[in-house]
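> Kindly generate the corresponding structure for this input.
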Amino acid sequence: MRFILLIILFLLPSPNIAKRFEMSLDGSVFRQSDSTSLWELYYTFKDAMMTYQPTDSGFQGEYFFEINISQANKKIIGYNWIISNTLKSIPLKDSVKDLLGIKAFSIPHGILQAELKITDLFDSTIKEKVQFNINSRKIPLDKISLSDIEFAYTIESESTPSANWNRAFNKNSLYVVPNPTLEVIGSNGKIKAYCELYNAKKASPEGYTLRYEVDDRFGKELFKVEKQMESHNDGIVEIVDLPADGLSTGQYFLKITAIGNRLGIHDTTSVTKSFFRINPDLLPTKKSLLIEGNDFELSEFSTLNNDAVNLEFRMAKNIASSFEIDEFRHLDSLKAKQRFLYRFWLHRDPSPNTSFNEKLDEFRSCINFANIHFSTGLSNNGWLSDRGRIVLTYGMPTKRDMFTSKPGYRAYETWLYAEKEGGLTFSFVEMHGHNNIFQLVNSNARGEFFDINWFEKYVLTDKSDPNVPQSNIEGR
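As a prediction, this is how the structure comes out:
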């Protein structure tokens, strides 16, 4: 299970204790201060797993937890605690209940390394250790942003709880009971999750759009819910409560997106986390049972050499998530990289039952277009140019306006993507003569270079010309 960005992992038992040691772990990162994040660790296990010893009042079991968190090989947190459980009689293996817990830690920003050790205090042979990374993202102060997603069994108002919940589950006037298994179980199961949205009032005072989306394991959108929200605060709690009765047993992804509007710029942020649907009424679909063996061996990716694999990913990197980029970076063997590319495009195939991948074909067409139109005398790899990168990332523009150079003006282009995020614009200028090298100088897309004065700064060479237009310039 991947766990670097989303902090999702399952503690897999060693062979000699497989029947006795099973535990689910999960975690989420929230904003705390300008220099720290709040990381919450969630865990759950069956009470029958513990070794019990008799006491005056019944039987008691105890687990010893120890966590060490480091950054740049320097230990910054060392903490341990004991989980105790007292029973009147020792539970049978088929008569168990879940024990659920949470621990919160204040951590600095950046990538941190964590090691968690768990030991049964009444049977030292039952122990386990797991290591993982924590991505403590620094939340910007001037852009609309989201925390990690926390899946929950239930989310209730603290004023009307349905049970005597542990106070550790309380935050922002709610009881958020975490679901570390990431499983949505039952015929009428619901997807319940908690997320925090930051800077809405500051970055998007006129409101924002909130979108919940559920995708299957191949990246195909199954359904989404979108609503307009008021920016009443810079710290807003978002509670997800979606029906899952139509989802068959299998793996899915919940994606939460917030779209703000600031000075005409669509400020978009999103977070994604996987979950598992266990539906007794709907068995896994044929596609979710796909075994890639023969399909992979027959694919074009299985024949690529190491240089070709790395080139393919350099191009695909333009549309890859930060998680996928990190995953590929840690692959050592050629076969692993080949399989990565196979799955990368399989997950993006909008029609996996057809004989070809429309998304891959579209991407290859963009590469060819970029190499034909954006290459220079120095390089035939037009896809490496600024215009090539935008084509690979966003596809072909809805509208492309090209302006040749003339006295007082450099050559420039303006592109419009009318259907993306309410309308994205990109402006490129040929800065040095007639070499077909156009640099991106302005865009309203999130994460791209933005300069409201791009025309005056980069297009004009004679800024004293009285005929120069001073307004109504696309992309300003």
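> okay, CA-based contacts and neighbour counts for the rest of this
OK.
> I'd like to know how many residues surround Phe369.
Neighbours of Phe369 under the rule other CA atoms under 10 Å: 18.
> Where does it sit: helix, strand or coil?
Taken by DSSP: H, G, I helix; E, B strand; the rest coil, the conformation at Phe369 corresponds to helix.
> how close does it get to Leu38?
Plainly put, Phe369 is 46 Å away from Leu38 if you go by CA to CA, to the nearest Å.
> which residues does Gly219 contact?
Contacts of Gly219 were listed using CA atoms under 8 Å, 6 or more residues apart in numbering, and they are His347, Arg348, Asp349.
> and if we set it to 6 Å?
Gly219 makes contacts with His347, Arg348, as judged by CA atoms under 6 Å, 6 or more residues apart in numbering.
> Give me the distance between it and Phe253.
Counting by CA to CA, the gap from Gly219 to Phe253 is 8 Å.
> could you dump the helix or strand containing Ser106 to PDB, C-alpha only?
Using DSSP states H and E, Ser106 maps to strand 98-108. C-alpha atoms of strand 98-108 as PDB (Å, rounded to 0.1, in the frame of the first residue of the first chain):
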ATOM      1  CA  ASP A  98     -12.500  -3.400  17.800                       C
ATOM      2  CA  LEU A  99     -10.200  -1.300  19.900                       C
ATOM      3  CA  LEU A 100      -9.600   2.100  18.400                       C
ATOM      4  CA  GLY A 101      -7.100   4.800  19.200                       C
ATOM      5  CA  ILE A 102      -5.600   8.100  18.100                       C
ATOM      6  CA  LYS A 103      -2.400  10.000  18.900                       C
ATOM      7  CA  ALA A 104      -1.500  13.500  17.700                       C
ATOM      8  CA  PHE A 105       1.900  15.000  17.200                       C
ATOM      9  CA  SER A 106       3.200  18.500  16.400                       C
ATOM     10  CA  ILE A 107       5.800  18.100  13.600                       C
ATOM     11  CA  PRO A 108       7.800  20.500  11.400                       C
END
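> so what strands line up beside that strand?
Looking at strand 98-108 with DSSP bridges, its partner strands are strand 36-46 (antiparallel).
> In terms of helix, strand or coil, where does Asp326 fall?
Per three-state DSSP, Asp326 ends up helix.
> And for it, the neighbour number?
Around Asp326 there are 13 residues (other CA under 10 Å).
> And the residue nearest the centre of this structure?
Thr272 (3.9 Å; CA atoms, centre = their mean).
> Make sure that one is actually in contact with Thr257.
No. Using CA atoms under 6 Å, Thr272 is not in contact with Thr257, being 8.8 Å away.
> pretty sure Ile390 belongs to a helix, no?
Yes. Assigned with three-state DSSP, Ile390 falls within a helix.
> which residues in the stretch 1-150 of the chain form strands?
8-11, 23-31, 36-46, 52-55, 58-71, 74-87, 98-108, 110-120, 127-136, 145-146, 150-157 (DSSP state E, counting those that start in this stretch).
> what is Glu156 paired to in the beta sheet?
Taking DSSP bridges as the rule, Glu156 bridges to Tyr175.
> What count of nearby residues applies to it?
15.
> Surely it and Tyr175 touch.
Yes. Contact criterion CA under 6 Å: Glu156 and Tyr175 qualify, at 5.2 Å.
> Now do the domain split for this protein, please.
1-136, 139-285, 293-348, 397-459 (automatic domain parsing).
> Just put those in TSV and tack on mean pLDDT.
Output for the domains of the chain, formatted as TSV (pLDDT from 0 to 100):
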stretch	mean pLDDT
domain 1-136	81
domain 139-285	89
domain 293-348	85
domain 397-459	91
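> gap between the closest residue to Ile67 other than its chain neighbours and Leu304?
Residue nearest to Ile67 in three dimensions, not counting chain neighbours: Leu116, with 4.5 Å by CA to CA, 6 or more residues apart in numbering. To Leu304, Leu116 is 39 Å away according to CA to CA.
> Asn442 too?
Separation of Asn442 from Leu304 (CA to CA): 37 Å.
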